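Chemist: need the 3D shape of this:
(2 chains)
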Number of protein chains: 2
Amino acid sequence: MTATAQTSFNPGKGVGQPVGVAVLGMGTVGTEVIRLMQEYSDEFAARIGGPLELKGVSVSDLEKPRPGVDRELLTDDAMSLVQRDDVDIVVEVIGGIDFPRRVVLAALKAGKSVVTANKALVAAHADELAAAADEAGVDLYFEAAVAAAIPVVGMLRRSLAGDQIQRISGIVNGTTNFILDAMESTGATYEDALAEATRLGYAEADPTADVEGHDAASKAAILASLGFHTRVTFGDVYCEGITKITAADIEAARKAGYTIKLLAICEKIEVDGETKVNARVHPTLIPSEHPLASVKESYNAIYVDAEAAGSLMFYGNGAGGAPTASAVLGDLVGAARNKVHGGRAPGENTYANLPIADFGEAITRYHIDMTVVDRAGVLAELAQKFADAGISLRTLRQEEGERHNYARLVVVTHSAREADLQKMVEELEALDDVQRIDSVIRLDS
Amino acid sequence: MTATAQTSFNPGKGVGQPVGVAVLGMGTVGTEVIRLMQEYSDEFAARIGGPLELKGVSVSDLEKPRPGVDRELLTDDAMSLVQRDDVDIVVEVIGGIDFPRRVVLAALKAGKSVVTANKALVAAHADELAAAADEAGVDLYFEAAVAAAIPVVGMLRRSLAGDQIQRISGIVNGTTNFILDAMESTGATYEDALAEATRLGYAEADPTADVEGHDAASKAAILASLGFHTRVTFGDVYCEGITKITAADIEAARKAGYTIKLLAICEKIEVDGETKVNARVHPTLIPSEHPLASVKESYNAIYVDAEAAGSLMFYGNGAGGAPTASAVLGDLVGAARNKVHGGRAPGENTYANLPIADFGEAITRYHIDMTVVDRAGVLAELAQKFADAGISLRTLRQEEGERHNYARLVVVTHSAREADLQKMVEELEALDDVQRIDSVIRLDS
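Modeler: Residues are numbered from 1 along each chain as shown, chains lettered A, B, ... in the order given. The predicted structure follows:
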């Protein structure tokens, strides 16, 4: 297909003006961004109203072969590249925090719009970056920072801008979803499922950021900020990974009609008459019939509850070179349209300025699996403990224990303050009749 | 929560400037739009950078009580209202085509941005409306025209603007999905399920536009236009409704592992080396494990295949006052931001200018259920017919017929040209050994 310039897009306002692009980083995402920019250059020109021109690509190793890119475009001096006069938009796909922060700030200060896929950077330094973008009157886009090709950033910034978001919950890390799904579908241990994920390229050599929930926590910070028009940073997010989830937990959940997913949950909560924001990441039991339960392998999905829209779900590839490049290029088209036709994208808007709730103030529900002494009166004693703490029980199930004289007790609470539930578990642990707490997993409330 | 003007949104560029809004129509959607605008006026002001001011509401009956709206804002003269100097943005939620077309064109010509929820209007007259918007340099938004609160218009216009969309398929009509779902879950006949949908308010008194697929066809035209950067209008869409679907069809589909959904399908196809666009609406058998198969009741879902993003699905409320108002208000915030801060939304861009494929050129698959004479050699004769036509079979199942001497034959073809499949069915019907064709339903290919 040949794209022509017969566009009706803001006609007469600079159609044909080229837009200079610098790409920082040529890993999986950067390589794909450059490839697609070149392959579909006519399409981009028609959609933007002017051609994209690749002005330079920064790489750390200039000697490495880079098929598909003219050698003269390569540089190892990102800082100079982003300040060049012929560069209008900078695409940052390096990863890490410190260096990208400095180079993105330099780009913004030099009047370049920035498109970044860097969730850690945005979750840590959004205020500073947004201020620099506002100061310079340029755009800062980061659709690819959350759930890659699933356009949740655009949805929160624009589509739901007229609605009141009540809650966002989602599977936003493909690695951990792959591991949990593998454990559920094959009965594998955590260690074996992680090894398989590594072998298939779903987990990195050092999987810490994924399995400990840090990656999901960055995304939760971004989602909460956008959804609630306030500032939530990485450090504000309670974060618990999946490393303690056992095959037994998964099996017990399955039998009870639940699936265990690593959820990022963002909520507004009322604490003593004050509205606060809570963002958290932890393994979560969700009913098997919930739409998020059917998200398999490394897919991501975001579930949004809004006052007028009701429940919405967005599902797709949450990682990988091509899906991330799709989001980066969508942002690039947006930033380039603004360069050609004027206007700015909606920026950060944290007017609501909500305080961050302590995690203890969050309202959660617990699924507690414990081994207790099998004697008359234990059940009554434990039930009384819960009653004394003001925590009501939804279900309580006693089963034969693995060892003689011990019983297994599975308790599901109703919603309560996280701090009260934590205290309850500590008190249970201290009881002589409780041999051990086998697992505590939160349920989606 | 009190929203303040401490917004960092394009600071210094006219923060505080009020935006005048006229709402045309006070049905379910209009009433909800006005209510939410008023209830969350502080939020809107903070998000936009200036307050929304309701300048007037046009209604057909001035005598009817309109709780929640000052009487002096009401008028039955929409045409004058949209041209008033104090109106910046017109929200059209009247419905119908002829009058809305005239009043929307008048508004655009008078330099007002327009937000409409009117799928029939957009699907029939997009070119004319887009030209008027471009001429005046204003915005034309219509997120609510497709699948209400599911932000598929924004996704196609912006988020996926850097990707190549290959196919869009979706459940975009809640009424027909409710009816088909009720037939499947209760075994009800079409007539009974329709009656239930009407009783519950999911179907209108005259359900023609829904059950004949016209509503879905309007949405298909809009989706195909946006997704493929070309113009597809209502008349270009092949359209077949659900009125001929029987309880027996549903039951047979269920047994074979399929669910019947009314799908809107938009594809680019190659015909003799030329890329054409095909948009169609028809009952479709989809495998029960496909994500679209689990869309229940009146929910909508859109499934998009894109080159880089891969498969994406968007799910939510596709109709109703509040979900539609959510989409309208998101558009209203976008249009108002542009009025306050400058810039325009990406407009219509039909640069690809693809020819429309004849429906006969589309590539489809058939599920044919027929009654044949039960004698030796019939199967071979029919199989030969398919082979002669160059249509290969995926499955062929023979069952005992309802009447003595007749057999039931269920054939599922591989993909073939729609015209060849239609001709095949005509030839089968003409055969002496074929007593009747009981049903022909397409499968999602």
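
Chemist: which element is encountered next along the chain beyond the helix or strand of chain A with the lowest mean pLDDT?
Modeler: When the helices and strands of chain A are scored by mean pLDDT, DSSP states H and E, strand A:393-400 comes last with a mean of 88. Once strand A:393-400 ends, the next helix or strand along the chain (criterion: DSSP states H and E) is strand A:406-413.

Chemist: most proximal residue of the stretch 301-445 of chain A with respect to chain B?
Modeler: Proximity to chain B, evaluated over the stretch 301-445 of chain A using CB to the nearest CB, is greatest for A:Gly343 at 1.7 Å. For glycine as for every other residue, the C-beta is placed from the backbone atoms N, C-alpha and C.

Chemist: apart from its neighbours in sequence, what residue is nearest that residue?
Modeler: Nearest non-adjacent residue to A:Gly343, counting by CB to CB, 6 or more residues apart in numbering or on different chains: B:Gly343, 1.7 Å away.

Chemist: what residues are up against the one you found?
Modeler: B:Gly343 makes contacts with A:Asn338, A:His341, A:Gly342, A:Gly343, A:Arg344, B:Arg337, as judged by CB atoms under 8 Å, 6 or more residues apart in numbering or on different chains.

Chemist: give me the buried subset of these.
Modeler: Buried members of those, scored by 16 or more other CB atoms under 10 Å in any protein chain shown, are A:Asn338, A:His341, A:Gly343, A:Arg344, B:Arg337.

Chemist: now the first one: how far from A:Arg344?
Modeler: Looking back up the chat, that one is A:Asn338. Distance, A:Asn338 to A:Arg344, using CB to CB, to the nearest Å: 6 Å.

Chemist: overlap of the contact sets of these two?
Modeler: A:Asp139, B:Gly343.

Chemist: okay, helices next: where are they in chain A?
Modeler: Secondary structure of chain A (DSSP state H): helices at A:28-39, A:41-48, A:78-81, A:98-109, A:119-136, A:152-154, A:174-186, A:190-199, A:208-211, A:214-228, A:247-255, A:321-341, A:378-388, A:418-430.

Chemist: mean pLDDT added to those, as JSON lines?
Modeler: Converted to JSON lines, those look like this (pLDDT from 0 to 100):
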{"stretch": "helix A:28-39", "mean pLDDT": "97"}
{"stretch": "helix A:41-48", "mean pLDDT": "96"}
{"stretch": "helix A:78-81", "mean pLDDT": "98"}
{"stretch": "helix A:98-109", "mean pLDDT": "98"}
{"stretch": "helix A:119-136", "mean pLDDT": "96"}
{"stretch": "helix A:152-154", "mean pLDDT": "96"}
{"stretch": "helix A:174-186", "mean pLDDT": "97"}
{"stretch": "helix A:190-199", "mean pLDDT": "96"}
{"stretch": "helix A:208-211", "mean pLDDT": "97"}
{"stretch": "helix A:214-228", "mean pLDDT": "97"}
{"stretch": "helix A:247-255", "mean pLDDT": "92"}
{"stretch": "helix A:321-341", "mean pLDDT": "96"}
{"stretch": "helix A:378-388", "mean pLDDT": "90"}
{"stretch": "helix A:418-430", "mean pLDDT": "96"}
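
Chemist: and of those, who's closest to chain B?
Modeler: So among the helices of chain A, helix A:321-341 is nearest, using CB to the nearest CB, at 2.5 Å.

Chemist: from the stretch 101-250 of chain A, which residue is nearest to chain B?
Modeler: Here the stretch 101-250 of chain A gets closest to chain B at one residue, A:Gly162, 2.5 Å apart by CB to the nearest CB.

Chemist: which residue is the nearest non-sequential neighbour of that residue?
Modeler: Using CB to CB, 6+ apart, the closest residue to A:Gly162 is B:Leu329 (2.5 Å).

Chemist: and A:Thr413, by the same measure?
Modeler: Nearest residue to A:Thr413 in three dimensions, chain neighbours excluded: A:Tyr366, at 4.8 Å (CB to CB, 6+ apart).

Chemist: contacting residues for that neighbour?
Modeler: A:Val411, A:Val412, A:Thr413, A:Ala416, A:Leu421, A:Met424, A:Val425, A:Val440, A:Ile441, A:Arg442, A:Leu443.

Chemist: same thing but at 10 Å, please
Modeler: A:285, A:391, A:393-394, A:411-416, A:418, A:420-422, A:424-425, A:440-443 (CB atoms under 10 Å, 6 or more residues apart in numbering or on different chains).

Chemist: what's the answer for A:Ile94, then?
Modeler: Neighbour list for A:Ile94: A:23-27, A:29-30, A:58-60, A:78, A:100, A:103-104, A:116-118, A:121 [criterion: CB under 10 Å, 6+ apart].

Chemist: go with 8 Å
Modeler: With contacts taken as CB under 8 Å, 6+ apart, A:Ile94 has the following neighbours: A:Leu24, A:Gly25, A:Gly27, A:Ser58, A:Ala78, A:Pro100, A:Val103, A:Asn118.

Chemist: next, the closest residue to it other than its chain neighbours: phi, psi?
Modeler: Nearest residue to A:Ile94, sequence neighbours excluded (CB to CB, 6+ apart): A:Gly25, at 3.9 Å. Main-chain dihedrals, A:Gly25, degrees, to the nearest 10: phi 100, psi 130.

Chemist: got a pLDDT number for A:Gly25?
Modeler: We have a pLDDT of 97 for A:Gly25.

Chemist: need the contact list for the nearest residue to A:Ala389 once chain neighbours are set aside.
Modeler: Of all residues not flanking A:Ala389 in the chain, A:Met424 sits nearest, at 5.0 Å (CB to CB, 6+ apart). Applying CB under 8 Å, 6+ apart to A:Met424 gives the contacts A:Tyr366, A:Lys385, A:Phe386, A:Ala389, A:Ile391.

Chemist: quickly list the domain ranges of chain A.
Modeler: When chain A is parsed with automatic domain parsing, its domains come out as A:19-149+A:322-341, A:161-316, A:362-443.

Chemist: looking at those, spot the one closest to B:Arg71.
Modeler: Minimum separation from B:Arg71 across the domains of chain A (CB to CB) falls at domain A:161-316, 25.5 Å.

Chemist: A:Ala389 - how many residues pack around it?
Modeler: 16 (other CB atoms under 10 Å in any protein chain shown).

Chemist: which bits of the stretch 201-350 of chain A sit near chain B?
Modeler: Counting by CB under 8 Å from any CB of the partner chain, the residues of the stretch 201-350 of chain A lying close to chain B are A:229, A:275, A:291, A:294, A:306-317, A:320, A:322-323, A:325-334, A:337-338, A:341-344, A:346-350.
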